[in-house]
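Colleague: Model the following, please.
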Amino acid sequence: MTLIELQEVLGERINILVDENLSDGERKQEAELSKTVSSLAKQMINNADIVLRADRLFAEGKGEKAKIKKMVGE
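Modeller: Residues are numbered from 1 along each chain as shown. Sure thing, here's the model as predicted:
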């Protein structure tokens, strides 16, 4: 999943949560699902940030000796 696709999923989750036609039970169930989606989204964003930081290190010529190379690969 790309970050753009993730953004679309998060937008859909928000639209579901603000739907006035949901019963209290449905809203609670959707809120729990949204918490799970949010947690996964946060991890995806954090991972993307690590990759971008590593790319910057390599682009600046500082990545060869960095420990991050072992974590993210070539």
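Colleague: hey, which helix is longest across this structure?
Modeller: Determined from DSSP state H, the single longest helix within the chain is helix 24-59.
Colleague: How about that helix, which residues are buried there?
Modeller: For helix 24-59, the neighbour count (16 or more other Cβ atoms under 10 Å) marks 27, 34, 41, 54, 57-58 as buried. Using the backbone N, CA and C atoms, a C-beta is placed for each residue, glycine as well.
Colleague: Show me the two of those that sit farthest apart.
Modeller: Largest separation among these by Cβ to Cβ: Arg27 and Phe58, giving 46.0 Å.
Colleague: Look at Lys62 and give its secondary structure.
Modeller: Following DSSP: H, G, I helix; E, B strand; the rest coil, the label given to Lys62 is coil.
Colleague: how close does it get to Ile50?
Modeller: From Lys62 over to Ile50 the distance is 15 Å, taken as Cβ to Cβ, to the nearest Å.
Colleague: go on, Asp24?
Modeller: On the measure of Cβ to Cβ, Asp24 and Ile50 end up 39 Å apart.
Colleague: ok, now Glu26?
Modeller: Distance from Glu26 to Ile50, by Cβ to Cβ: 36 Å.
Colleague: what's the answer for Ile4, then?
Modeller: Going from Ile4 to Ile50 by Cβ to Cβ gives 19 Å.
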